[in-house]
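Peer 1: Quick one, structure for this:
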Amino acid sequence: MAYATQADMEARFGLEELVARTDRNATGAVDATVLNRALSDADAEIDGYLATRYRLPLPTVPAVLARIACDIARYRLWEELASDEVRRRYEDARRLLEALSRGTVSLGLPADLPDDEKPGLSMAAAKSGPAPIFDRAGTGGY
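Peer 2: Modelled structure (predicted):
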């Protein structure tokens, strides 16, 4: 699911910055391939956090996720040249995603996963399998 678009990026950061960060062939225009790769990377990062709490794809894209996707994509476009502001916005986005995945912040969507469907919370693996061979009674107190 796409959380942000080129239009969202232009509205937040301006066309000039997007051209400067994506135009690898000196055409004077936004390279949609480079920008879409950064946006796809942002989507994947967001999904990694949201999948622990929400059924994906989400029914709608909350505005906060569009902002987070833009900040992550921008950071990815700047690579090692990221300014303190770009890095801070990325780190803030990651902290918010961590809070969303822990459930301390909610998107307010009805798609929260029930506890038995949340990854890592199932006890199926712990309950399956043969009975233990060694137990307290079978080891004679050792």
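
Peer 1: Residue 74 versus residue 88, what's the distance?
Peer 2: 12 Å (C-beta to C-beta, to the nearest Å). Where C-beta positions appear, they are placed from N, C-alpha and C, glycine not excepted.

Peer 1: now residue 85
Peer 2: Distance of residue 85 to residue 74, computed by C-beta to C-beta: 10 Å.

Peer 1: the more surrounded of residue 88 and residue 74?
Peer 2: A count of neighbours by other C-beta atoms under 10 Å puts residue 74 above the other of residue 88 and residue 74, at 25 against 13.

Peer 1: Now name the helix or strand holding the more buried one.
Peer 2: Assigning secondary structure by DSSP states H and E places residue 74 in helix 63-78.

Peer 1: what's that helix packed up against?
Peer 2: Applying 3 or more C-beta pairs under 8 Å, 6 or more residues apart in numbering; DSSP states H and E, we find helix 63-78 packed against helix 6-13, helix 15-22, helix 32-50, helix 84-102.

Peer 1: a markdown table please, covering those helices and showing mean pLDDT.
Peer 2: A markdown table is the format used below for those (pLDDT from 0 to 100):
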| stretch | mean pLDDT |
| --- | --- |
| helix 6-13 | 98 |
| helix 15-22 | 97 |
| helix 32-50 | 97 |
| helix 84-102 | 97 |
